[in-house]
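*Asks:* any chance you can model this:
(2 chains)
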Amino acid sequence: MATKITIPNAPEAGNASASLSKEEIMRYSRHLIMPEVGMEGQLKLKQAKVLCIGTGGLGAPLGLYLAAAGVGRIGLVDFDRVDLTNLQRQILFDTNDIGRPKIEAATNRLRNLNPDIRIDTFETRLTSENALDIVKDYDIVVDGTDNFPTRYLVNDACVILGKPNVYGSIFRFEGQITVFAYPGGPCYRCLYPEPPPPGLVPSCAEGGVLGVLPGIVGAIQAVETLKLIIGKGEPLVGRLLLFDALAMRFRELKLRKNPECPVCGGHPTITKLIDYEEFCGIRGEESATSPQTAVPEITPRELKSRLDRGDDLFILDVREPHEYQICNLGGQLIPLGELSRRVNELDSSREIVAHCRSGKRSAEAVEFLRGAGFRKVLNLKGGILAWSDEVDASVPKY
Amino acid sequence: MAVKVIIPTPLRAYAGKQESAEMEAGTVREALAGLTTRFGELKKHLYSDDGRLRSFVNVYVNDEDIRYLEKEDTQLRDGDIVSIVPSIAGGTSK
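*Replies:* Numbers count the residues shown, from 1 in each chain, chains lettered A, B, ... in the order given. You can find the predicted model right below:
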């Protein structure tokens, strides 16, 4: 069971006799003077119940705009704590929030923005066990999560309970936005029946995100949520909006309901929540990120003492050139993606220690090199992050 | 037919960092075959071992999903835009 904390003394959303106080009329005056919202729309907003799953990059602008717009009851689901790397894009938080539970910092910020709304907090990971229980009390769900198992979980829970799912996802400079599980419309599984196998998910080499991108995508999710509540305009249903910030271009693709969809089709085979980690081929986070358990390793301390001893070790850095610029251990740079065609640059008679940022890519490199006949190849356990923790704190972590 | 294939950000690393590629192709199959010939590493990201398009990779001709056209046999016309759209899950990017 999820822990649900309702903020005391907050006005009750969903009150049938809802009306606006004099102060609320002032607060929402720029909505009220627009015929598309007006008093009718603003009262709908006041009575609306929206669940935001994730309070990170997408959840930040989303939560802020929904609260500012006067959505009467907002549920927040997150289990994480604020860290320094979040602040580049998660504008709900500030430097003083580092180390605080996100849900606590987010609630504080939203309550300061709009004390008239009710905020429900669920400091938990959304799971197959608690999802239906959490989702059932809301009218609309907004998916601001960051991983495939939770995306499928949110989708299935929304389809099963008949709740529209305002979806947004981001990668580097690109975003995808649509509304799933709207009556008669397609769901996430209609678009992507299956997730990518873990090995093909872009690793940290291709990761990263422009800080503003979740701001734009989350703000679009907020627009769609408000439109669904007030029932105005054309919802982003059956249309997949693609945003490319580098090209500064929006494109729209048709998104159709799959009549054979296993969850929302005519004859669904998935009628209750399943094990989404298993569905996505992930058994616990470790197995998803650490194939290196299978390859021979060296710890940062061992490497340091061997280098100090003067052992002949060839340090191979398989990160990308832009990462090398952030920090390096003086190794030879051959990005993982180039290793297969540059393998002849390596001397198989020497002992090689491969490293990357966290040890994941270099594990792949070690596996590849061993397959290519290299006998003496070791993976630096934990990568440059562990080197910074255990050997040389002056090496920055990123 | 001269068509343009748009390569999404997550796959650009396997396609010489190109955003798009101009192709001569009569069908979607030919366009993708041309692309994977030019960029060998892309193949395993687009196709499973049994040679089928992966289910987390959708292909569109202009704004239409080829699953609702003639799949990979979908005919192309001059100026068509073929988009490869893989699923991305990021929300906060850890």
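
*Asks:* would you list the phi and psi of the residue nearest to A:Asp83 when sequence neighbours are not counted?
*Replies:* Taking Cβ to Cβ, 6 or more residues apart in numbering or on different chains, and ignoring the residues beside it in sequence, A:Asp83 has A:Ile98 as its nearest neighbour in space, at 6.3 Å. The way it works is simple: take the backbone N, C-alpha and C, and place the C-beta from them, glycine included. Dihedral angles phi and psi of A:Ile98 (degrees, to the nearest 10) take the values phi -50, psi 130.

*Asks:* correct me if wrong: A:Ile98 contacts A:Val82.
*Replies:* Yes. Using Cβ atoms under 8 Å as the test, A:Ile98 is close enough to A:Val82 to be in contact (5.4 Å).

*Asks:* which one's more surrounded, those two?
*Replies:* Remark: of A:Ile98 and A:Val82, A:Val82 carries more neighbours, 24 against 14, as counted by other Cβ atoms under 10 Å in any protein chain shown.

*Asks:* against chain B, how distant is that one?
*Replies:* A:Val82 sits 11 Å away from chain B, going by Cβ to the nearest Cβ, to the nearest Å.

*Asks:* what residue lies at the spatial centre of the chain?
*Replies:* Assuming you mean chain A. Centroid-nearest residue in chain A: A:Asp146, 1.9 Å away (criterion: Cα atoms, centre = their mean).

*Asks:* switch to chain B, that's the one I care about
*Replies:* Ranked by distance to the mean C-alpha position of chain B (Cα atoms, centre = their mean), the top residue is B:Ile84 at 3.7 Å.

*Asks:* that one - that's part of a strand, no?
*Replies:* Yes. When classified by DSSP: H, G, I helix; E, B strand; the rest coil, B:Ile84 is found to be part of a strand.

*Asks:* which residues touch it?
*Replies:* With contact set as Cβ atoms under 8 Å, 6 or more residues apart in numbering or on different chains, B:Ile84 has these partners: B:Val5, B:Ile6, B:Ile7, B:Pro8, B:Leu11, B:Leu46, B:Val57, B:Asn58, B:Val59.

*Asks:* so the fifth one: helix, strand or coil?
*Replies:* If I follow you right, that is B:Leu11. B:Leu11 ends up helix, using three-state DSSP.

*Asks:* can you give me the pLDDT of the residue nearest to A:Asp83?
*Replies:* Predicted confidence (pLDDT) at A:Ile98: the value is 98.

*Asks:* distance of it from chain B?
*Replies:* The gap separating A:Ile98 from chain B is 15 Å, by Cβ to the nearest Cβ.

*Asks:* spatially nearest residue to A:Arg174 (excluding sequence neighbours)?
*Replies:* Let me fix one detail, which is that residue A:174 is Glu and not Arg. B:Thr9 (4.7 Å).

*Asks:* my guess is that neighbour contacts A:Ile170. True?
*Replies:* No. Distance between B:Thr9 and A:Ile170: 10.0 Å, which falls outside the contact criterion (Cβ under 8 Å).

*Asks:* more neighbours: which of the two?
*Replies:* Neighbours per residue, other Cβ under 10 Å: of B:Thr9 and A:Ile170, the larger number sits with A:Ile170, 31 against 19.

*Asks:* counting neighbours, which bits of stretch A:106-125 end up buried?
*Replies:* By 16 or more other Cβ atoms under 10 Å in any protein chain shown, the buried positions in stretch A:106-125 come out as A:106-107, A:109-111, A:114, A:116-124.
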